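**Q** I'll drop the sequence and a predicted model, then ask my questions.
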Amino acid sequence: MAQNVQSGGVSTHEQSELDAAGAENFDAIIARDSRIEPRDWMPEAYRRSLVRQISQHAHSEIIGMQPEANWITRAPSLKRKSILMAKVQDEAGHGLYLYSAAETLGTSRDEMMDALVAGKARYSSIFNYPTPTWADMGAIGWMVDGAAICNQVPLCRASYGPYGRAMVRVCKEESFHQRQGFEILLELANGTPEQKEMAQDAVNRWYAPSLMMFGPPDDDSPNSKQSMAWNIKRFSNDELRSRFVGMMVEQVKVLGLTLPDTQIRFNEATKKWDHAPLDWEEFKEVLAGRGPCNAQRLERRRSAHEEGAWVREAATAYAEKQAAKNAQKVAA
Amino acid sequence: MNEQDKASSTTPAPEPGAHRWPLWEVFVRSNRGLSHVHAGSLHAPDASMALRNARDLYTRRNEGVSIWVVPADAIAASDPDAKGAFFESPQGKDYRHATYYTKSEGVKHL
Ligand SMILES: [Fe+2]
Ligand SMILES: [Fe+2]
Ligand SMILES: [Fe+2]
């Protein structure tokens, strides 16, 4: 629940005593792997870190609707159109669950929206890549949603209650996303040689960007350690990435396709899946706003927000009018 | 909310005028015979829009047969930090549980 209460009417001395007691309670809750709830005392850095992570996640879901919405009108059958619409609608829902969770930390929805539209907020780099073919809908579902699931399942146990609960809801819905993508690729891979080639091309293009969704390598991920100490994150970026590679390498066989990486092997010494090095310069460029579609994605979000303004205004006006009418009725 | 409650929370208040629409808490009854359970929250200009939005957001897969929306402001909550004091009374009152009574063990249908 999002009840925002203000601290007021206490002296500095009282406040520092309250903080000390709060910190002790917070540490104890984290130590026994229990959950922090919205109105609990929490360190400022914990709050800030969660707002950053949850709002970035929400923005990713919202921006993530675009590469797929792009194909709704051109999906090859009514069935595929319906499926794609349902998926895109789910992503909108995921964004809203997450904005709600972030709001419980005292940051308003409008603040987050404004930051996104103003280009001041980050979102997953993956959604800045183009979707030129129908096979991209398959590759996104299988690989991008697949990587998201890998990342998100452990987040269901995040120490911040509202975030964990939002992730449970999200994860329930994600598995359909991955399966429908897999099916698209499977059908193409068993189609004409041109269709199979199209599927392979999409897998080739989405492979590295989806591996980068897990974030920078552990030795270059400054926030990870603290986030793990707070039980927000449960596994490191590299750990999750390696798990994902292990799953992909098996599943791609069922598709009769290949991954564009000849260095994948199970490392007996580390018990992890190794893969070819990734281009982290590209990752940083895309995150910094210089990816293939960054400008387009933001522009689209901005115009959707502005073009929807009249709907929001009309709804507000209607609500005010109804409230006034009801007040009159009561008075009469 | 009482004063003590306010003082001990660290959640900063949102900036004034930040929410153009009020916040509603959503409760969903998943099946007849079960109670409504908190599902999440959303913003909407009025109750009927809140209900429609809640339907679209929280029941896309038959998750509910009934929805409640409640203005978040209307909910009074206990102080999370007063846990010890506020919930003290059941402490040490094991005799409120059936498991406290062991002498009747082995007696059928009791
Ligand atoms: Fe999603
Ligand atoms: Fe996601
Ligand atoms: Fe998804």
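**A** Happy to help now that I have it. Ligands and ions are numbered 1, 2, ... in the order given.
**Q** Tell me the buried residues in the top helix by length along chain B?
**A** Using DSSP state H to define each element, chain B has its longest helix at helix B:47-58. By neighbour count on 16 or more other Cβ atoms under 10 Å in any protein chain shown, the buried set for helix B:47-58 is B:49-51, B:53-55, B:57-58. For every residue, glycine as well, the C-beta is placed using N, CA and C.
**Q** give me the element the closest residue to ligand 1 within chain B is part of.
**A** Nearest residue of chain B to ligand 1 (Cβ to the ion) works out as B:R60 at 12.8 Å. When elements are assigned from DSSP states H and E, B:R60 belongs to no helix and no strand.
**Q** Let's verify A:F26: helix, strand, or coil?
**A** helix (DSSP: H, G, I helix; E, B strand; the rest coil).
**Q** pLDDT at it, what is it?
**A** Note for A:F26: predicted pLDDT of 95.
**Q** before we move on, what about the one 4 residues further on?
**A** pLDDT recorded at A:I30 is 97.
**Q** residues contacting it?
**A** The contact partners of A:I30, taken as Cβ atoms under 8 Å, 6 or more residues apart in numbering or on different chains, are A:36, A:159, A:230-231.
**Q** so is the closest residue to B:H43 other than its chain neighbours in a helix, a strand, or just coil?
**A** The shortest distance from B:H43 to any non-neighbouring residue, by Cβ to Cβ, 6 or more residues apart in numbering or on different chains, is to B:W21 (4.2 Å). For B:W21, the assignment made with three-state DSSP gives coil.
**Q** B:W21 is in contact with B:S41, isn't it?
**A** No - in this structure, B:W21 is not within contact of B:S41 by Cβ atoms under 8 Å, at 11.5 Å.
**Q** more crowded one of the two?
**A** B:S41 (25 against 19; other Cβ atoms under 10 Å in any protein chain shown).
**Q** Next one: the residue in chain B that ligand 3 sits nearest to from A:R122, what distance?
**A** Scanning chain B for proximity to ligand 3 using Cβ to the ion identifies B:R60 as nearest, at 13.1 Å. For B:R60, the distance to A:R122 equals 28 Å [Cβ to Cβ, to the nearest Å].
**Q** The two - which one has more neighbours?
**A** For B:R60 and A:R122, the more surrounded residue by other Cβ under 10 Å is A:R122, and the numbers stand at 16 against 13.
**Q** Phi first, then psi, for the more buried one.
**A** For A:R122, the backbone dihedrals (degrees, to the nearest 10) come out as phi -100, psi 160.
**Q** List the residues that contact it.
**A** Applying Cβ under 8 Å, 6+ apart to A:R122 gives the contacts A:56, A:59, A:287.
**Q** May I have the phi/psi pair for A:A102?
**A** phi -70, psi -40.
**Q** Report the angle between the strand or helix carrying A:A166 and helix B:47-58.
**A** Element membership for A:A166, per DSSP H and E: helix A:161-189. Counting by axes from the mean of the first three to the mean of the last three Cα atoms, to 10 degrees, helix A:161-189 lies at 50 degrees to helix B:47-58.
**Q** buried sites along helix A:161-189?
**A** The neighbour-count check on helix A:161-189 (16+ other Cβ under 10 Å) flags A:161-167, A:169-171, A:173-174, A:176-178, A:180-182, A:184-186, A:188-189 as buried.
**Q** next helix or strand past that helix?
**A** Using DSSP H and E, the helix or strand that directly follows helix A:161-189 along the chain is helix A:193-212.
**Q** Would you map the strands across the chain?
**A** The chain I'm using is chain A. Listed in chain order, the strands of chain A (DSSP state E) span A:265-267, A:272-274.
**Q** hmm, I had chain B in mind actually
**A** So, for chain B - with DSSP E - the strands run B:23-29, B:37-43, B:66-71.
**Q** Extract the C-alpha trace of the second one and format it as PDB.
**A** What it means is strand B:37-43. The C-alpha trace of strand B:37-43 is given here as PDB (Å, rounded to 0.1, in the frame of the first residue of the first chain):
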ATOM      1  CA  VAL B  37      -7.200  -9.700  -1.200                       C
ATOM      2  CA  HIS B  38      -5.000  -6.600  -1.800                       C
ATOM      3  CA  ALA B  39      -3.700  -6.800  -5.400                       C
ATOM      4  CA  GLY B  40      -2.000  -3.400  -5.900                       C
ATOM      5  CA  SER B  41      -2.800   0.200  -6.600                       C
ATOM      6  CA  LEU B  42      -3.500   2.600  -9.400                       C
ATOM      7  CA  HIS B  43      -4.400   6.200 -10.200                       C
END
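**Q** Direction included, what does that strand pair up with?
**A** strand B:23-29 (antiparallel) (DSSP bridges).
**Q** and A:A229, how many neighbours?
**A** A:A229 has 10 neighbours, counted by other Cβ under 10 Å.
**Q** Apart from its chain neighbours, what residue comes closest to residue 58?
**A** I'll assume chain A. Leaving out its chain neighbours, the residue that sits closest to A:A58 by Cβ to Cβ, 6+ apart is A:L98, at 3.6 Å.
**Q** Sorry, I should have been clearer: chain B.
**A** Leaving aside its chain neighbours, B:Y58 sits nearest to B:A39 (4.6 Å; criterion: Cβ to Cβ, 6+ apart).
**Q** Likewise for A:Y99?
**A** A:A58 (4.7 Å).
**Q** Give me the neighbour count for the one you found.
**A** Around A:A58 there are 27 other residues, counting by other Cβ under 10 Å.
**Q** how close does it sit to ligand 3?
**A** Using Cβ to the ion, to the nearest Å, A:A58 is found at 13 Å from ligand 3.
**Q** Please list all residues in contact with that residue.
**A** Contact analysis of A:A58 by Cβ under 8 Å, 6+ apart lists A:94-96, A:98-99, A:102, A:112.
**Q** quick one: A:L96 and B:H43 touch, right?
**A** No - the pair A:L96 and B:H43 does not pass the contact test of Cβ under 8 Å, sitting 9.2 Å apart.
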